[in-house]
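Provided below for reference: sequence and predicted model.
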Amino acid sequence: MIYNKNFFDTTENLEFVWSLSGDGKDLGTGLMDLPPLEPQKKHTILLVSCPWYSHWVNSSTMEGFIIITAKLIRPTRWAAAGHLVASEQLSLPFRHANAPIILTMSESTRLEGERFENTIRIYKGQDWEMEFDSSTGILQDWKINNFPILKRGLLPCFWRAPTDNDKGGGSISYASQWKDFFLDKLEVHTARCHIEKLTRHVVQIKVTHLLKPKDIEDSLLMKRLSKQTGGSSKLVLVPSDETTPNAKIEGNTDDCKQQEINPFWFKVDIIYWVYGTGDLIVQYNVEPNIELPPLPRVGIEFEIDKTLNYVEWYGRGPFECYPDRKKAAHVGKYKKNVLDMHVPYTVPSENGGRTDVRWVSFMNSEGTGLFASCYDGSAPMQICASYYSTGDLDKATHDKELRQRDTIEVHLDHKHMGLGGDDSWSPSVHEEYLVPPLPYSFHMRFSLINSSSPPCSDIFLTQLPKL
């Protein structure tokens with residue numbers, strides 16, 4: 001339906017254009033033949049009679065969008081000819097679900113591995129290698145053709161640099177609540193790390209992390225848990241009794257002794273599947289302490305080489321957008337430099353995010369880099385890439401104080417709290433855009449890519465064999 005909301009002007013001076021896309025690919029565009037609409041009048045078009053319908057039904061894409069724009073035909077006193085008056089993107093109904101393309105394993109995807117003290121090295125010939133720290137369960141290094149992709153490994157993240165709206169409300173603001181619970185000072189404790197070679201082509205690593213505030217007395221932390229049953233938030237950790245001592249890259253870590261962490265803010269169970277294809281599937285199961293306030297984010301953070309500054313993504317854009325600020329940002333395929341993704345607010349804060357992202361890639365000038373996507377039915381991601389860390393943004397009082405780092409900090413969020421803005425002096429994010437402290441589970445896929453890799457849109461449509 002097209003609605004002319006003007007009180008006096010008809011649509012005679014507007015040209016309506018449609019653009020159809022599917023799975024991030026352009027499928028067609030054209031003019032819409034519409035009768036002039038009088039002020040405050042509506043015109044309904046049936047889907048089957050739309051000019052793009054034949055393009056849509058004849059395509060093999062799974063997810064489709066139609067964008068309708070209205071532009072001025074002739075100049076007016078307030079705008080030139082061609083000025084964009086209105087634009088709307090609509091999601092088309094799914095017509096069918098294509099069978100996923102399952103990647104096959106062969107002798108060319110056979111994995112090799114070795115252990116040296118606390119380092120687990122998994123590799124495939126000279127093509128690529130990754131290293132896990134078996135004492136922490138953290139992926140600390142990943143290289144393709146000896147080029148280092150990762151500069152700091154994958155870690156759970158629940159903090160963002162507060163925005164002006166986050167700070168609104170004084171002692172009851174979101175920022176005050178977060179800092180009362182020291183969400184900006186979380187430290188990772190590794191409770192369990194178990195490595196198992198499932199086949200010649202797949203290695204599985206299971207890790208349990210506990211997160212609690214760093215350098216804060218437990219007695220002070222316990223005061224924050226006044227409603228917790230029994231006044232305690234204990235978790236006793238016992239290492240897995242599954243061992244495979246004869247395998248070169250399998251086994252439990254020596255550091256996972258029985259321990260008690262009391263209290264803890266988050267328990268995060270992670271499963272990594274490393275495939276000989278150069279793919280990494282990550283499953284996160286997050287259990288927050290129920291006494292925490294609404295969370296800024298639930299996701300993964302890591303750092304990559306600074307030369308991987310060419311970002312391409314399929315999601316909302318091209319400009320900054322967040323879960324409650326995305327109506328004007330259409331789903332599409334976009335490209336930007338990391339530097340251009342930063343929004344220079346006078347007082348630095350969380351910025352530059354893109355929401356509803358299906359996949360994203362970070363590449364250097366030679367086409368080498370990293371692909372990441374939501375996976376196995378998980379919801380699209382909120383992404384952010386910056387030369388400034390979250391800590392840098394939080395500490396700076398003016399944008400001019402920021403200094404570029406030698407790495408790019410990347411955030412891939414399963415959940416990200418909205419920005420609010422009904423007013424700027426109270427915590428006013430609408431309930432549907434809050435992230436309550438509840439259990440969350442999600443999958444993400446990471447793949448090494450180079451100039452000979454398939455297009456990212458094609459990689460996204462493939463899956464790894466389940467074991």
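Noted; the coordinates are in hand. Residues are numbered from 1 along each chain as shown.

off-centre distance for stretch 41-53?
Chain-centre distance of stretch 41-53: 35 Å, with C-alpha atoms, centre = their mean, to the nearest Å.

tell me the secondary structure for the most centrally placed residue in the chain?
For the chain, the residue nearest the mean C-alpha position is residue 412 (2.8 Å; C-alpha atoms, centre = their mean). Here residue 412 is recorded as strand under DSSP: H, G, I helix; E, B strand; the rest coil.

contacts for stretch 209-216 next, please.
Residues outside stretch 209-216 that contact it (C-beta atoms under 8 Å, 6 or more residues apart in numbering) are 137, 156, 158, 181-183, 185-191, 221, 235, 237, 261, 263-268, 270. Every C-beta, even on glycine, is put in place using the N, C-alpha and C of the backbone.

buried only: go through those residues for me.
By neighbour count, with 16 or more other C-beta atoms under 10 Å, the contacts of stretch 209-216 hold 137, 156, 158, 181-183, 186, 188, 190-191, 221, 235, 237, 261, 263-268, 270 as buried.

any idea of the pLDDT on residue 130?
On pLDDT, residue 130 comes in at 96.

same question for residue 220.
Model confidence at residue 220, given as pLDDT, is 72.

what's the separation between it and residue 288?
19 Å (C-beta to C-beta, to the nearest Å).

quick check: phi and psi at residue 175.
Torsion angles at residue 175 (phi, psi; degrees, to the nearest 10) stand at phi -60, psi -40.

chain neighbours aside, what residue packs nearest to residue 292?
Closest residue to residue 292 apart from its sequence neighbours, by C-beta to C-beta, 6 or more residues apart in numbering: residue 437 at 4.1 Å.

ok, how many other residues are close to that neighbour?
20 (other C-beta atoms under 10 Å).

what's the neighbour count on the spatially closest residue to residue 344 that is not a sequence neighbour?
If the residues on either side of it in the chain are set aside, residue 344 comes closest to residue 399, at 4.7 Å by C-beta to C-beta, 6+ apart. Using other C-beta under 10 Å, residue 399 is surrounded by 17 other residues.

would you agree residue 399 is in contact with residue 346?
Yes: in this structure, residue 399 is within contact of residue 346 by C-beta atoms under 8 Å, at 6.0 Å.

need the contact list for the residue nearest to residue 344.
344, 345, 346, 347, 348.

surely the fourth one is in a strand?
No: residue state for residue 347 (three-state DSSP) corresponds to coil; a strand is not indicated.

let me know the pLDDT of it.
97.

now it: how far from residue 220?
In terms of C-beta to C-beta, residue 347 sits 29 Å off from residue 220.

those two: which is more packed in?
Between residue 347 and residue 220, residue 347 has the larger neighbour count (other C-beta under 10 Å), namely 14 against 10.

right, and residue 300 touches residue 154 too?
Yes: contact criterion C-beta under 8 Å: residue 300 and residue 154 qualify, at 5.4 Å.

what sits in contact with each of these two?
The contact lists of residue 300 and residue 154 share residue 282, where a contact means C-beta under 8 Å, 6+ apart.

ok, back up a step: which SS class is the residue nearest to residue 292?
Residue 437 is classified as coil under three-state DSSP.

how about the strands of the stretch 51-200 of the chain, start to end?
For the stretch 51-200 of the chain, applying DSSP state E, counting those that start in this stretch gives strands covering 64-72, 84-91, 101-102, 112-116, 119-124, 128-133, 138-144, 147-148, 150-157, 186-197.

same check on the stretch 201-350 of the chain?
Under DSSP E, counting those that start in this stretch, the stretch 201-350 of the chain gives strands at 202-213, 235-237, 251-252, 259-261, 266-275, 279-288, 297-305, 310-317, 330-337.

how far off centre is the last one?
Read that as strand 330-337. 14 Å.

how far away is the residue lying closest to residue 409 once chain neighbours are set aside from residue 57?
Excluding the flanking residues, the one nearest residue 409 by C-beta to C-beta, 6+ apart is residue 389, at 5.0 Å. Distance from residue 389 to residue 57, counting by C-beta to C-beta: 48 Å.

those two: who's more crowded?
residue 389 (18 against 9).

I figured that one was touching residue 405, is that so?
Yes: with contacts counted by C-beta under 8 Å, residue 389 reaches residue 405, the gap being 6.5 Å.

what's the separation between the residue nearest to residue 292 and residue 265?
Where residue 265 is concerned, residue 437 sits at a distance of 9 Å (C-beta to C-beta).

mind listing the shared neighbours of those two?
With C-beta under 8 Å, 6+ apart as the test, residue 437 and residue 265 both reach 288, 289, 292.

show me the shaky parts of the protein.
Scanning the chain for pLDDT under 70 picks out 95-98, 219, 224-262.

again, only using 80
Scanning the chain for pLDDT under 80 picks out 94-100, 216-263, 467.

can you give me the buried ones in the helix or strand containing residue 458?
Secondary structure assignment for residue 458, by DSSP states H and E: helix 456-460. Residues 456, 457, 459, 460 are the ones in helix 456-460 that count as buried (16+ other C-beta under 10 Å).

got it, and stretch 424-437?
427, 428, 429, 433, 434, 435, 437.

same check on stretch 59-68?
Under 16+ other C-beta under 10 Å, the buried positions of stretch 59-68 are 59, 61, 64, 65, 66, 67, 68.

please apply the same query to stretch 209-217.
Buried, per 16+ other C-beta under 10 Å, within stretch 209-217: 209, 210, 211, 212, 213.

just give the nearest non-adjacent residue to the third one, would you?
Using C-beta to C-beta, 6+ apart and skipping the chain neighbours, the partner closest in space to residue 211 is residue 266 (4.2 Å).

for residue 435, give me its contacts.
294, 295, 296, 297, 298, 415, 416, 417.

can you flag which of these belong to helices?
Among the contacts of residue 435, no residue falls in helices (DSSP state H).

next one: stretch 267-276 to chain centre, how far?
Here stretch 267-276 is found 17 Å from its chain centre; the criterion is C-alpha atoms, centre = their mean.

cool, and stretch 415-435?
19 Å.

distance of the residue nearest to residue 101 when sequence neighbours are not counted relative to residue 288?
Leaving aside its sequence neighbours, residue 101 sits nearest to residue 462 (C-beta to C-beta, 6+ apart; 4.6 Å). In this structure, residue 462 and residue 288 are 33 Å apart, going by C-beta to C-beta.

ok so, going back, of the buried residues of helix 456-460, which pair is most distant in space?
The span of the buried residues of helix 456-460, defined through C-beta to C-beta, is set by 457 and 459 at 7.4 Å.
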